[in-house]
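my questions are about this predicted structure, shown below with the sequence.
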Amino acid sequence: MRGTVLSWKQAITQGYEPRQYEYLPGPLPNDIFDAILDFKIWAKVPGINGYFTISDTGKKIQLSVYLSASRTYYIGKHSIDFYRCPVGCLYQLQIGRTGKGKTVLLDLIAI
């Protein structure tokens, strides 16, 4: 299965609007919630930015997954390959903050 990660230009051409998604969304409803993965774009640093809509609130957020030392985009205790995660699906997200206060995707489960 091929990954579904777009370039910025491809996303815009396909009608997505990444600027509507907050990168550092501030207070979130809790650290685990359900959201739809709307689309993914390659990050400037080796990584993938996931653009999600939170199911309960409709809030649009952006979360990043960075390339690991093993050169993969696996995340969480379930070892999900974010590169291959299909878009348009509902996921349970677990988020947290780095030591520098950046919002980060810790785990993702398809529901």
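Perfect, thanks for sending it.

where does the chain have low pLDDT?
Applying pLDDT under 70 to the chain flags the ranges 1-3, 24-30, 78.

now the strands for it?
Using DSSP state E, the strands of the chain run over 5-6, 32-42, 47-54, 60-66, 74-75, 80-81, 90-97, 103-110.

between the ones you listed, which gets nearest to Tyr16?
Closest of these to Tyr16 is strand 32-42, at 5.0 Å (criterion: CB to CB). All C-beta spots, glycine's among them, are computed from the backbone N, C-alpha and C.

could you check the angle strand 47-54 makes with that closest one?
If you take axes from the mean of the first three to the mean of the last three CA atoms, to 10 degrees, strand 32-42 sits at 140 degrees to strand 47-54.

run the chain-centre distance for strand 32-42.
How far strand 32-42 lies from its chain's middle: 5 Å, per CA atoms, centre = their mean, to the nearest Å.

helices or strands up against that strand?
Counting contacts by 3 or more CB pairs under 8 Å, 6 or more residues apart in numbering; DSSP states H and E, strand 32-42 is packed against strand 5-6, helix 8-13, strand 47-54, strand 90-97.

now do the last one: everything it contacts.
Counting by CB atoms under 8 Å, 6 or more residues apart in numbering, the neighbours of strand 90-97 from elsewhere in the structure are 28, 31-37, 52, 55, 63, 76, 85, 103-111.

hmm, back to that, so which of the helices and strands packed on strand 32-42 is nearest Gln20?
Going by CB to CB, the one of the helices and strands packed on strand 32-42 nearest Gln20 is strand 47-54, 8.6 Å.

just the C-alphas of that closest one, formatted as PDB.
Output of strand 47-54 as PDB, limited to C-alpha atoms (Å, rounded to 0.1, in the frame of the first residue of the first chain):
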ATOM      1  CA  GLY A  47       8.500  14.200   9.000                       C
ATOM      2  CA  ILE A  48       4.800  14.100   8.200                       C
ATOM      3  CA  ASN A  49       2.200  16.700   9.300                       C
ATOM      4  CA  GLY A  50      -1.200  15.100  10.000                       C
ATOM      5  CA  TYR A  51      -4.200  17.400   9.700                       C
ATOM      6  CA  PHE A  52      -7.100  16.300  11.900                       C
ATOM      7  CA  THR A  53     -10.600  17.400  12.700                       C
ATOM      8  CA  ILE A  54     -11.600  16.600  16.300                       C
END
